[in-house]
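**Student:** please work out how this folds:
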Amino acid sequence: MAFDLEMIKELYSKFPSRVEAARKLLAKPMTLTEKILYSHLDEKIPTQTYARGDSYVDFRPDRVAMQDATAQMALLQFMQAGKSEAAVPSSVHCDHLIQAKEGAVKDLEVANYTNQEVYDFLSTVSNKYGIGFWKPGAGIIHQVVLENYAFPGGMMIGTDSHTPNAGGLGMVAIGVGGADAVDVMADMPWELKFPKLIGVKLTGKLSGWTAPKDVILKVADILTVKGGTGAIVEYFGDGANSLSATGRATICNMGAEIGATTSTFGYDDKTAEYLRQTNRSDVAELANSISEYLTGDTEVYDNPDLYFDQVIEINLNELEPALNGPFTPDLRTTVSEIADTAKKNDWPLSIEAGLIGSCTNSSYEDITRAASLARQAIAKNLKVKADLLITPGSELVRYTIERDGLIEEFEQLGATVLANACGPCIGQWEREDVKDGHRNSIITSFNRNFAKRNDGNPNTFAFVSSPDMVMAYAISGRLDFNPLTDFIKNELGEMVKLDEPTGVVYPPLGFDVKDSGYQAPAEDGSKIDVTVSPDSQRLQLLTPFKEWDGNDYKGLKLLIKAKGKCTTDHISMAGPWLRFRGHLENISQNMLIGAVNYFNDKTNSVKDQITGN
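**Tutor:** Numbering: from 1, shown residues only. Prediction:
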């Protein structure tokens, strides 16, 4: 049975009437995005229309999800709210503080020892305030949310940029700051500028080497890292209907890299099947009862130019596999062009590491397609020429692929299986071989590839692609390689070619797990005490601000003005700084150190506007 079933029942009982009220006000067919937004207004039944890109609107999200780095400050703030429990279903996921170095077992042991103080704090606070707690090793927040909490037509906020992953199941799921999460957990409305709408019509069908990841790599190429800002992206069309739910989640996940508020797909049989496969048949049945309200109106998808602010059309039959990068996720190069482009730009041609997994690409489908290439490599006497790291997205996926023999196949090829955590994707990677800062290329199935993002080395040229491509390029060891046409010399000196990858969306024996890593909160948390040592360098209790004295600060000088790209990576770097996310004073030292300062064109450097120094 699903989590929060009564909450979903209550929402669905009101959903049709709220949509119809909005439809009457708008006097036009509605997109899925509009149906979800107008069904989650603070005013409940819509009484007015809102201008896209202009109106500020109060919403009531259904749930909150927090990862362990950002949850620390959020929960420290929530403790000041005077509430006995969170007002909406909420969860904490321990995935960011586990550093990848030797492999899943050892890395998890080190993380539990190093971060014990933080994990104990998060576990205790969650227990006290009715918040679900997912232990270290349970999985990456977005994969766990997709498997357990995401549901069609819902609205969720999460304290991580890639919260939109849940859009794969038809949610409006938005990444926010910790203060926004606190507002919602404290039963306050959440404000958002009513987004513009970008429609992406997918036609045709993926085949061969092309994967769902290639869809969002193409969208990023079209829209760039800024093109989705202030907008929700809604995918539709026969091509969208042909994609699996986890494939859709991949596309929504990386929508963060185009600046989109979030992305989503309409409800259909693919969504229902994923719900059933993850033990949520009850949610599928509820969704089926109002299915017409959980997707855009037919008139919208038949004439998208009339209802979206911008429309993009992509033919999946013509889509070619690609690599995006280096140093930005919107620089797309197809595999047929990568050799010439790499040589022209003097990109390092030797691939030193291939990394499969992350919240973007760690589903059972992703892993089986990569494993099919591993089996080929073994059968054709090929060895990987690069370090190969595999990150399962959740304990549910890890346990299932181990049972089905896939982990053994990866290890036969020389791969290292990492903990079910973010790891190298967010810079939690103890990569000894780049301590000298040498120029090298890596290929990942991650979502971001800004300078120093993965290993702290500014000279690592990182390319993002599908798990299929990561495996193929790790086997070849070369950036100037096209898996669709090129041959590789095997250990016997023979020239062999990789066949197209194959995979299955769901395990033939079903998903299984021995211990999911979930800790349910106490029935009554009122007697649970939360303590933090005053000498702690990891955690710092907050005290309320003093009452305002009525005077404003005036004439203050800017310390820094960010120049050029300024993502959450630039604002507050991950990696080693994550250990201070629960300590306000210490984490403040990390503020904007990755951003280029407009006043002096330097990073990690403040110019005194008074003295000029």
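**Student:** mind listing what the residue positioned nearest the centre of the chain touches?
**Tutor:** Closest to where the C-alpha atoms of the chain average out (Cα atoms, centre = their mean) is His162, at 2.9 Å. Residues in contact with His162, defined by Cβ atoms under 8 Å, 6 or more residues apart in numbering, are 142, 175, 253-254, 256, 359-360, 447. For every residue, glycine as well, the C-beta is placed using N, CA and C.
**Student:** output those residues in TSV; the columns should cover pLDDT.
**Tutor:** Below are the contacts of His162 laid out as TSV (pLDDT from 0 to 100):
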residue	pLDDT
His142	98
Gly175	97
Asn253	98
Met254	97
Ala256	96
Cys359	94
Thr360	96
Asn447	96
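**Student:** the residues you listed: which two are farthest apart?
**Tutor:** Gly175 and Thr360 (13.7 Å; Cβ to Cβ).
**Student:** in terms of neighbours, single out the busier of these two.
**Tutor:** Thr360 (33 against 21; other Cβ atoms under 10 Å).
**Student:** how many residues are close by the spatially closest residue to Asp309 that is not a sequence neighbour?
**Tutor:** Using Cβ to Cβ, 6 or more residues apart in numbering and skipping residues adjacent in sequence, the residue nearest Asp309 is Lys196, 4.4 Å away. Look at Lys196: counted by other Cβ under 10 Å, it has 21 neighbours.
**Student:** how about Lys196, phi and psi?
**Tutor:** Geometry field for Lys196 lists phi and psi as phi -80, psi 170, criterion degrees, to the nearest 10.
**Student:** which pLDDT does the model give it?
**Tutor:** Here, the pLDDT recorded for Lys196 equals 98.
**Student:** for it, which residues make a bridge with it?
**Tutor:** Note on Lys196: beta-bridge partners by DSSP bridges are Ala231.
**Student:** wait, it sits on Tyr50?
**Tutor:** No: taking contacts as Cβ atoms under 8 Å, Lys196 lies outside contact range of Tyr50: 11.6 Å.
**Student:** quick one on the thing from earlier: which of the contacts of His162 sits closest to Tyr56?
**Tutor:** Out of the contacts of His162, the member with the shortest distance to Tyr56 (by Cβ to Cβ) is Gly175, at 18.4 Å.
**Student:** that closest one and Leu11: what is the separation?
**Tutor:** Computed as Cβ to Cβ, to the nearest Å, the Gly175 to Leu11 distance reads 21 Å.
**Student:** packing partners for the helix or strand of the chain with the lowest mean pLDDT?
**Tutor:** Using mean pLDDT, DSSP states H and E, the weakest-scoring helix or strand in the chain turns out to be helix 568-571, at a mean of 82. Contact partners of helix 568-571 among helices and strands, from 3 or more Cβ pairs under 8 Å, 6 or more residues apart in numbering; DSSP states H and E: none.
**Student:** what residue spans form the domains of the protein?
**Tutor:** Here the domain assignment for the chain is 5-315, 322-496, 562-603, based on automatic domain parsing.
**Student:** tell me which of those sits nearest to Gly550.
**Tutor:** domain 5-315 (22.7 Å).
**Student:** tell me how far that closest one is from the chain's mean position?
**Tutor:** With Cα atoms, centre = their mean, to the nearest Å as the basis, domain 5-315 stands 10 Å off its chain's centre.
**Student:** what do you get for stretch 455-462?
**Tutor:** On Cα atoms, centre = their mean, the centre of stretch 455-462 falls 21 Å from that of its chain.
**Student:** in that stretch, what counts as buried?
**Tutor:** 455-457, 460-462 (16 or more other Cβ atoms under 10 Å).
**Student:** what's the average pLDDT for that stretch?
**Tutor:** 94.
**Student:** Gly354 should be in a helix, yeah?
**Tutor:** No: under DSSP: H, G, I helix; E, B strand; the rest coil, Gly354 sits outside any helix and is assigned strand.
**Student:** from what I can see it touches Gly477, true?
**Tutor:** No: with contact defined as Cβ under 8 Å, Gly354 does not reach Gly477; the gap is 9.0 Å.
**Student:** who has more neighbours, these two?
**Tutor:** Gly354 (29 against 17).
**Student:** contact partners for that one?
**Tutor:** Counted by Cβ under 8 Å, 6+ apart, Gly354 has contacts 384, 386-389, 442-444, 470-471, 473-474.
**Student:** now swap in Asp268 and tell me
**Tutor:** 241, 295.
**Student:** and the lengthiest helix in the chain, what does it pack onto?
**Tutor:** Using DSSP state H, we find that the single longest helix of the chain is helix 5-26. Applying 3+ Cβ pairs under 8 Å, 6+ apart, one finds that helix 5-26 contacts helix 32-38, helix 281-289.
**Student:** ok, and which of the ones you listed has the densest surroundings?
**Tutor:** helix 32-38 (a mean of 26; mean count of other Cβ atoms under 10 Å).
**Student:** in PDB, list the C-alpha atoms belonging to the helix or strand following that helix.
**Tutor:** Once helix 32-38 ends, the next helix or strand along the chain (criterion: DSSP states H and E) is strand 56-59. Extracted in PDB, the C-alpha atoms of strand 56-59 (Å, rounded to 0.1, in the frame of the first residue of the first chain):
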ATOM      1  CA  TYR A  56       2.400  35.900  -7.700                       C
ATOM      2  CA  VAL A  57       0.200  33.100  -6.300                       C
ATOM      3  CA  ASP A  58      -0.100  31.200  -3.000                       C
ATOM      4  CA  PHE A  59      -0.200  27.500  -3.300                       C
END
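**Student:** my guess is Leu41 meets Thr49, correct?
**Tutor:** No: Leu41 sits out of contact with Thr49 when judged by Cβ under 8 Å, with a separation of 11.2 Å.
**Student:** higher neighbour count, these two?
**Tutor:** Leu41 (20 against 14).
**Student:** is the more buried one bridged to anything, and to what?
**Tutor:** With DSSP bridges as the rule, Leu41 is bridged to Phe59.
**Student:** against Ile174, how distant is it?
**Tutor:** 15 Å.
**Student:** do Val145 as well
**Tutor:** Where Ile174 is concerned, Val145 sits at a distance of 13 Å (Cβ to Cβ).
**Student:** before we move on, what about Tyr274?
**Tutor:** If you go by Cβ to Cβ, the gap between Tyr274 and Ile174 works out to 21 Å.
**Student:** same thing with Asp238?
**Tutor:** For Asp238 relative to Ile174 (Cβ to Cβ), the value is 28 Å.
**Student:** give the next helix or strand downstream of the least confident helix or strand of the chain.
**Tutor:** Sequence order places helix 584-588 as the next helix or strand after helix 568-571, per DSSP H and E.
**Student:** where do the strands sit along the stretch 51-200 of the chain?
**Tutor:** Applying DSSP state E, counting those that start in this stretch to the stretch 51-200 of the chain gives strands spanning 56-59, 63-67, 90-93, 132-134, 155-158, 172-175, 190-193, 196-203.
**Student:** with the stretch 251-400 of the chain instead?
**Tutor:** Going by DSSP E, counting those that start in this stretch, the stretch 251-400 of the chain shows strands at 262-265, 310-315, 322-324, 332-334, 351-356, 387-390.
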